[in-house]
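Participant: show me the folded form of this:
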Amino acid sequence: MKDISTTSYRSSRNAAYPKKRPSPSGISKHHKTSPLGPPPVTRRTPYSAKAALLQQRQRQAQITALRRQGIFLEEEYREDIRFYMHEMERYTMSSSQSMDQQPEIRWHMRPCLVDFLVEIHFTFRLRPETLYLTLNIVDRYVSRRIVYIKHYQLVGCAALWIAAKFEDAKERVPTVQELAQICRDTYDESAFIQMEGHVLQTIQWTLGHPTAEAWLRLMCCEPSVEEERVQHVARFLMEITLFHREFIKYPPSSIAFGALTLALFLCGKPRRIFEETEECLEIVDCLDNLLAKHVNELSETLVKKYSYAFYSKAATFVVQYYLQGGRFVRQSFITLPMTPTRPSISGASTPMSATTSVSDLSDDFPLTPTSPSSFSPEPFSSSFLSEDDKENLPTTFEPVINKQRTEVPPDHFLPHDFVAFGRPALHHLNGSPRMTAVS
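Facilitator: Predicted coordinates for the structure are as follows:
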């Protein structure tokens, strides 16, 4: 049997509390209105609203174009990413002093290896980061291990193989057979695998090196997107630094910014003067001197690579600029007039109280005036400055002008004619009637 009392209770409760209809957009929530009323709406003019919308669309178009190139801008984590990149580049730096101690390898052999790696990198169409990571792995390995000449090329190929696996897609990574064929069967296929493991153990499997290419992409995206020609010229200049010992001591961020600074100057674009550091300008000067003196000695492989229209013919542009005698010019800052400083004031010229401290004499605080209790015949003497003087004391001091005392002004404050001739000469030159009558 049904419990009649329960049924009647439910019916009466439903009548008192009717069911709410479900919201078509999901669970309905009751939003309480603020006692202060709705927040004020900021009204904008149609011109400002249109300008803000246009700026937002341009920013979205730039981000979309960068994403097509594989560049993703994480606005929220940008500062954290930069901080981590700076830490990693310090941790993954190589030592040129340690590389100097190699028994067989010399610095004149480095351009041959870099030229060889640039050609392989361009042949397999690998990412730009792969080349910089390859040279970083080579330098770190050579800084810690003794490498003989016969193994120098093997170390370079193993480093390129590691960097390609880390940076590039799987279908673009060269195989062991291709590497052995490129080296003309100088090394066995097992030698590449063995060297790969030895290199990774030496560098402690640390491959997260922020390359100069990664820094350049960040710098070219903010605060504004640089033109493609500027980016290509900067990449050409950065790859030149891989050939020379002078640039190994600089971090990748400074090399990227130095190359970008010189590229902006060569292309006639406004530089980021207020962001330039002394280290950046050192890199620019070193690159400028290198290109001015040895522009004909650049790597033919590198010049050929950047002479294509795909790279905006950056190599041709830079080589022609320096063959015509062009040089980098530092832009000097506009010298602003200096704020005049107050000269040191003695106690004889300005009255002070006994409680006047050093801070009162500084340029930040005005001097405290005092009321002298006694009068001296010398109005500017310091005889009336006693330690018992207090401020704001009633006094009967009355200023007296000493008319008999006349001070002769120094000569350098007088007009030139007055100093040169004196009063009689001036009367004579002016034709004074008094002087004529006396004569």
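Participant: run through the neighbouring helices and strands of the longest helix seen in the chain.
Facilitator: Assignment by DSSP state H gives helix 46-68 as the longest helix of the chain. Under the contact criterion of 3 or more Cβ pairs under 8 Å, 6 or more residues apart in numbering; DSSP states H and E, helix 46-68 touches no helix or strand at all. Every residue, glycine included, has its C-beta placed from N, CA and C.
Participant: model confidence over that helix, on average?
Facilitator: For helix 46-68, mean pLDDT rounds to 75.
Participant: helix or strand right after it?
Facilitator: helix 78-91 (DSSP states H and E).
Participant: pLDDT below threshold where in the stretch 301-439 of the chain?
Facilitator: 332-439 (pLDDT under 70).
Participant: make it 50
Facilitator: 334, 346-365, 373-387, 403, 418-439 (pLDDT under 50).
Participant: please apply the same query to the stretch 151-300 of the chain.
Facilitator: For the stretch 151-300 of the chain (pLDDT under 50), the answer is none.
Participant: swap in 70 and give it another go.
Facilitator: Those would be 223, if you go by pLDDT under 70 across the stretch 151-300 of the chain.
Participant: and the helices in it?
Facilitator: For the stretch 151-300 of the chain, the helices defined by DSSP state H, counting those that start in this stretch cover 176-182, 189-202, 212-221, 228-241, 252-266, 278-294, 300-305.
Participant: looking at those helices, which is buried most?
Facilitator: Most buried of those by mean neighbour count (mean count of other Cβ atoms under 10 Å) is helix 252-266; its value is a mean of 24.
Participant: what packs against it?
Facilitator: Using 3+ Cβ pairs under 8 Å, 6+ apart: helix 252-266 touches helix 78-91, helix 212-221, helix 228-241, helix 278-294, helix 314-323.
Participant: at 10 Å what do you get?
Facilitator: Here helix 252-266 touches helix 78-91, helix 128-144, helix 212-221, helix 228-241, helix 278-294, helix 314-323, going by 3 or more Cβ pairs under 10 Å, 6 or more residues apart in numbering; DSSP states H and E.
Participant: so which bits of the second one are buried?
Facilitator: Spelled out, it's helix 128-144. By 16 or more other Cβ atoms under 10 Å, the buried positions in helix 128-144 come out as 128-143.
Participant: thinking again about what came up before, any chance of TSV for the helices of the stretch 151-300 of the chain, columns distance to residue 107?
Facilitator: Output for the helices of the stretch 151-300 of the chain, formatted as TSV (distance: least, Cβ to Cβ, whole Å):
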stretch	distance to residue 107
helix 176-182	24
helix 189-202	21
helix 212-221	20
helix 228-241	14
helix 252-266	18
helix 278-294	14
helix 300-305	18
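Participant: just so I know, which of those helices lies nearest residue 330?
Facilitator: Residue 330 lies closest to helix 278-294 among the helices of the stretch 151-300 of the chain, at 6.9 Å (Cβ to Cβ).
Participant: ok, how many other residues are close to residue 267?
Facilitator: 18 (other Cβ atoms under 10 Å).
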